[in-house]
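Chemist: This is the structure alone, sequence omitted:
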């Protein structure tokens with residue numbers, strides 16, 4: 001990773017602290033997005049190289065930047081099985097007897113996220129590659145991360161506003177808040193490194209959208225039916241935050257009045273209990289919400305398979321990797 005403590009050691013005490021925390025925090029992740037950059041190039045016969053790994057590393061730093069800010073907005077103190085970045089700094093503030101440790105932690109978390117973003121773009125700009133390729137990659141990354149920011153704003157608005165949103169609107173949000181930067185961006189970046197024509201880049205982009213929507217719906221499911229050890233954050237946090245996930249929206253659409261009132265008393269509750277979670281889980285099953293969501297997911301599975309089948313990849317083994325990725329999305333437990 002560029003931007004090491006040695007590189008920025010002249011600034012202040014945080015020059016060594018930030019890279020160390022970022023490395024530890026990033027390494028706790030599954031590295032899915034970085035791996036997809038490599039896969040996106042290998043699909044078309046380009047072996048892993050220093051350039052590919054550098055783009056993959058930038059992708060993972062972008063992920064850390066987004067999560068650092070997301071945890072502050074969602075008030076999540078646990079991420080990837082450990083304390084979120086802003087929580088780490090809040091603990092530091094308490095240890096050093098600072099005032100308002102929570103605000104200090106959030107402020108520092110924002111700064112670390114910004115630094116991760118800046119280092120990622122420095123890594124992309126410093127690629128030893130054709131100038132036009134570097135320019136296209138920078139534009140691609142900038143465009144997709146801008147879309148994430150806009151989608152996040154919509155998500156925040158939905159969470160604060162009393163207005164209802166439809167399941168289709170939720171899926172549209174998933175496409176830009178999670179799907180494209182998690183799958184479309186790294187797969188398209190990898191194909192771009194393999195110097196693929198526009199129709200191939202478009203195919204990778206579309207494939208990524210379907211994979212990403214499946215991924216986010218599965219995330220919602222795990223947030224409700226998974227375990228804290230598996231997902232790395234408390235089960236039921238989406239209920240506590242009153243997130244307008246596809247599960248919540250379909251629940252409120254399908255529930256009779258009395259049940260809807262009982263659900264409304266639990267979503268947004270400051271302290272969600274295990275019984276609250278169990279009640280929501282039971283309604284998801286009884287009202288057929290889970291079955292309906294499975295049908296939505298299956299539509300995206302079918303479209304993803306169609307794109308994979310049409311891709312002109314270098315070997316059947318690489319096509320199998322894409323199919324395995326699709327299957328992993330459906331079966332993952334964390």
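Modeler: Cool, the structure landed. Keep in mind that this is a model prediction, so the values were computed, not measured.

Chemist: Which residue lies nearest the spatial centre of the protein?
Modeler: residue 178 (5.0 Å; C-alpha atoms, centre = their mean).

Chemist: show me the contacts for that one.
Modeler: Contact analysis of residue 178 by C-beta atoms under 8 Å, 6 or more residues apart in numbering lists 212, 215-216, 219. For every residue, glycine as well, the C-beta is placed using N, CA and C.

Chemist: Show me how this structure divides into domains.
Modeler: With domains defined by automatic domain parsing, the chain comprises 1-128, 130-334.

Chemist: Mean pLDDT added to these, as CSV?
Modeler: Shown next, in CSV, are those (pLDDT from 0 to 100):
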stretch, mean pLDDT
domain 1-128, 90
domain 130-334, 91
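
Chemist: these two touch, right, residue 59 and residue 31?
Modeler: No. At 9.1 Å, residue 59 does not count as touching residue 31 under the criterion of C-beta atoms under 8 Å.

Chemist: Could you measure from residue 120 over to residue 325?
Modeler: Look at residue 120 and residue 325: by C-beta to C-beta, to the nearest Å, they are 23 Å apart.

Chemist: More neighbours: which of the two?
Modeler: For residue 120 versus residue 325, neighbours defined as other C-beta atoms under 10 Å are more numerous around residue 120 (25 against 20).

Chemist: isn't that one right next to residue 58, touching?
Modeler: Yes. Contact criterion C-beta under 8 Å: residue 120 and residue 58 qualify, at 4.2 Å.

Chemist: Name the residues contacting each of the two.
Modeler: residue 141.

Chemist: the helices in the stretch 151-300 of the chain, which residues?
Modeler: 167-174, 185-193, 198-225, 228-231, 237-240, 246-254, 257-266, 274-286, 289-310 (DSSP state H, counting those that start in this stretch).

Chemist: Residue 59 and residue 31: which is more packed in?
Modeler: residue 59 (27 against 16).

Chemist: ok, now which ones touch that one?
Modeler: Residue 59 touches 33-34, 36-37, 120, 185-186, 189, counting by C-beta under 8 Å, 6+ apart.

Chemist: Report the distance from the helix or strand hosting residue 59 to the chain centre.
Modeler: For residue 59, the host element (DSSP states H and E) is helix 50-74. With C-alpha atoms, centre = their mean, to the nearest Å as the basis, helix 50-74 stands 9 Å off its chain's centre.

Chemist: likewise stretch 209-219?
Modeler: For stretch 209-219, the distance to the chain centre is 10 Å (C-alpha atoms, centre = their mean).

Chemist: what's in contact with it?
Modeler: 171, 174-175, 177-180, 182-184, 246, 293, 296-297, 300-301, 303-304, 307, 325-326, 329-330, 332.

Chemist: same check, this time on stretch 139-152
Modeler: Contacts of stretch 139-152 (C-beta under 8 Å, 6+ apart): 58, 62, 66, 70, 73, 117, 120-121, 124, 173, 176-177, 180-181, 184-185, 188-189, 192.

Chemist: can you do 10 Å?
Modeler: Stretch 139-152 is touched from outside by 55, 58-59, 62, 65-66, 69-70, 73, 117, 120-121, 124, 172-182, 184-186, 188-189, 192, 201, 205, 208, with contacts defined as C-beta atoms under 10 Å, 6 or more residues apart in numbering.

Chemist: How about stretch 160-172?
Modeler: 151, 154-155, 157-158, 173, 177, 179, 213, 216-217, 220, 242-250, 252-253, 289, 292-293, 296, 300.

Chemist: Buried subset of those as a PyMOL selection?
Modeler: To isolate the buried subset of those in PyMOL, counting by 16 or more other C-beta atoms under 10 Å, use the following:
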select buried, resi 151+155+158+173+177+179+213+216+217+220+242+243+244+245+246+247+248+249+250+252+289+292+293+296+300
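
Chemist: For the stretch 1-150 of the chain, which segments count as helices?
Modeler: 5-8, 14-27, 32-42, 50-74, 85-95, 101-125, 131-160.

Chemist: Make TSV out of those and add distance to residue 313.
Modeler: Formatted as TSV, the helices of the stretch 1-150 of the chain follow (distance: least, C-beta to C-beta, whole Å):
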stretch	distance to residue 313
helix 5-8	38
helix 14-27	29
helix 32-42	9
helix 50-74	16
helix 85-95	38
helix 101-125	25
helix 131-160	21
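
Chemist: before we move on, the earlier item: tell me which of the helices of the stretch 151-300 of the chain is the most buried.
Modeler: Burial of those is given as mean neighbour count (mean count of other C-beta atoms under 10 Å); helix 185-193 ranks first at a mean of 26.

Chemist: tell me which strands and helices that one is in contact with?
Modeler: helix 32-42, helix 50-74, helix 131-160, helix 198-225 (3 or more C-beta pairs under 10 Å, 6 or more residues apart in numbering; DSSP states H and E).
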